[in-house]
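S.K.: Got a predicted structure here, sequence first:
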Amino acid sequence: MTNPKSYTELLPHLFRQEYAKMTAVLCRHFGLAHIEIAEDIASDTFLKASEYWAVHGVPDNPTAWLYTVAANKLKDYFKHRSIFDSRIKGAVTAQAMEIEKILEFDDQIIADSQLAMIFAVCHPTNSTAAQIALALQILCGFSVEEIAKAFLTNRETIKKRLQRARTNLRNNHFQMQDLTANDIQARLDTVLKTLYLLFNEGYFSTTHNQLIRKELCSEAARLTLVLAENPLTNTPQVNALLALICLQSSRLDARTGTNGEAILFDKQDKSLWDQALIDRGNYYLIHACNAEEVSKYHLEAAIAYWHTTSTDTNKWKHILQLYNRLILIEYSPVTALNRAFAYAKVYGSEKAIEEVKKLNLPENNYYHALLGYLYAQIDMPISIQHYAKAIDLTKSNIEKETLRQEIDRLLQTAENKGTAS
């Protein structure tokens, strides 16, 4: 056992990492109709951990401990509850002696359960948006607020969408079962969108006071790798998404400083980039390009390739061309602003400012942050005005601090010039 005090740091991390996995393992056997039971058992398991570890310390293998406790709680539930429908009674009779095996701490069992659950939740009885929202909540542990951020909408809309989605699945006798190859192919696009959003929230968190959430990036990478290793799902799009995840993840350690502050691309210490991940990303990108299909994941992975691999002085022209294609496939404000940044690298800040203003996103903090960056060498007061507006609009304390540092840098530069003159 480790120091009892250390559980306060470890338990929140484990809750985020294991709660959704544990729920998926349970639901794989007992169906979404009883997801509340699975969620209650998982919650009770972590409550037990908080009480026990506070007194006795963290066990040597905390994750295995959690799954053992969950198995015991599942057995207790079956033992003491008497109101079950006949289907669940049959399942209990047949499987009660194998609960330890069901909840065995095994990475492959967990990964298989999560993917089975994602494909099952991505059922055509719901809209694509509802499928993704439900998968993010159940399988990825996203809060309603995080899902709302991912969809650029409000909490109430997402809450209603999730409630309708769960009701629809129950009314359609939802159960986790083996899917046909046609089912898997029909639902793969939605699954990939879910994993893409999971990675994005980890790579650039919008709801926490930390810029990067590595555990979400790792989960997205792990689940996408499982897809790439399965013959039924080893498609060009899957390989392209995995390439994107690897290439972007290679820079995670360089994107923040010692105090968690954001470090912009141009100022990153390239010695901190993970060359092994870059190589893996390039490997999967090559495998993604063995067909004529070009998806958004192909284009974003190619952009990440130019960022992390190429030393070509003309790389920004290639990046801009890729953004031009990407924005036609799937427009979003973020893509448009990223394209404008690449445009500035090719044609200069003044022309880029014209491009950015055409977007007309006055309530978008990234819009004002980019204008602040572009005006920095042209008109310092206007630059500071946009940076200040971006500070007002963002909810991230880390982003606020990064933007304040840019304002301080501009003021210091102006002061130095005044002193020199």
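M.R.: Thanks, I have it.
S.K.: What pLDDT is listed against H80?
M.R.: Listed pLDDT for H80 reads 68.
S.K.: Check G31 too.
M.R.: The model's pLDDT for G31 equals 61.
S.K.: How about the one 10 residues further on?
M.R.: We have a pLDDT of 88 for I41.
S.K.: residues touching it, list them.
M.R.: Residues near I41 by CB atoms under 8 Å, 6 or more residues apart in numbering: 22, 26, 70, 73-74, 77. To be clear about C-beta, it is placed using only N, CA and C from the backbone, and glycine gets the same treatment.
S.K.: so where's the stretch 1-150 of the chain uncertain?
M.R.: Low-confidence segments of the stretch 1-150 of the chain, defined by pLDDT under 70: 1-5, 28-34, 80-112.
S.K.: repeat that for 50
M.R.: Low-confidence segments of the stretch 1-150 of the chain, defined by pLDDT under 50: 4-5, 83, 85-86, 91-97, 105.
S.K.: Just the strands from it, written as ranges.
M.R.: For the stretch 1-150 of the chain, strands defined by DSSP state E, counting those that start in this stretch do not occur.
S.K.: what about the helices in it?
M.R.: Assigned by DSSP state H, counting those that start in this stretch, the helices in the stretch 1-150 of the chain fall at 7-30, 35-56, 62-80, 86-95, 99-102, 107-121, 128-138, 144-151.
S.K.: could you list every residue that touches K73?
M.R.: Taking CB under 8 Å, 6+ apart as the criterion, K73 is in contact with 41, 44-45, 48.
S.K.: who wins for most neighbours among these?
M.R.: Within the contacts of K73, T45 tops the neighbour count with 24 neighbours, counted by other CB atoms under 10 Å.
S.K.: correct me, but that residue touches V69?
M.R.: Yes: at 5.0 Å, T45 and V69 qualify as touching, with contact defined as CB atoms under 8 Å.
S.K.: related to what we said a few turns ago, just curious, which of the contacts of K73 is nearest to N126?
M.R.: Closest approach to N126 among those (CB to CB): I41, at 25.2 Å.
S.K.: Identify the residue spatially nearest to the closest one, adjacent ones excluded.
M.R.: Closest residue in space to I41, ignoring its immediate chain neighbours: K73 at 5.1 Å, by CB to CB, 6 or more residues apart in numbering.
S.K.: buried subset of the contacts of I41?
M.R.: Buried members of the contacts of I41, counted by 16 or more other CB atoms under 10 Å: 22, 26, 70, 73-74.
S.K.: so how far is A129 from T233?
M.R.: T233 sits 22 Å away from A129 when distances are taken as CB to CB, to the nearest Å.
S.K.: quick one, which of these two is more surrounded?
M.R.: Taking T233 and A129 together and counting by other CB under 10 Å, T233 has the greater number of neighbours (20 against 16).
S.K.: what helix or strand does the nearest residue to that one once chain neighbours are set aside sit in?
M.R.: Nearest residue to T233 in three dimensions, chain neighbours excluded: L227, at 4.2 Å (CB to CB, 6+ apart). If you go by DSSP states H and E, L227 is part of helix 214-228.
S.K.: Next SSE downstream of that helix?
M.R.: helix 236-249.
S.K.: Outside of that next one itself, list whatever touches it.
M.R.: The contact list for helix 236-249 (CB under 8 Å, 6+ apart) reads 188-189, 192, 195-196, 199, 203, 217, 220-221, 224-225, 227-228, 274, 277-278, 280-285, 287-291, 293, 295, 297-298, 300-301, 304-305, 307-309.
S.K.: Now, of those residues, which are buried?
M.R.: 188, 192, 195-196, 199, 203, 217, 220-221, 224-225, 227-228, 274, 277-278, 280-282, 284-285, 287-289, 295, 297-298, 300-301, 304-305, 307-309.
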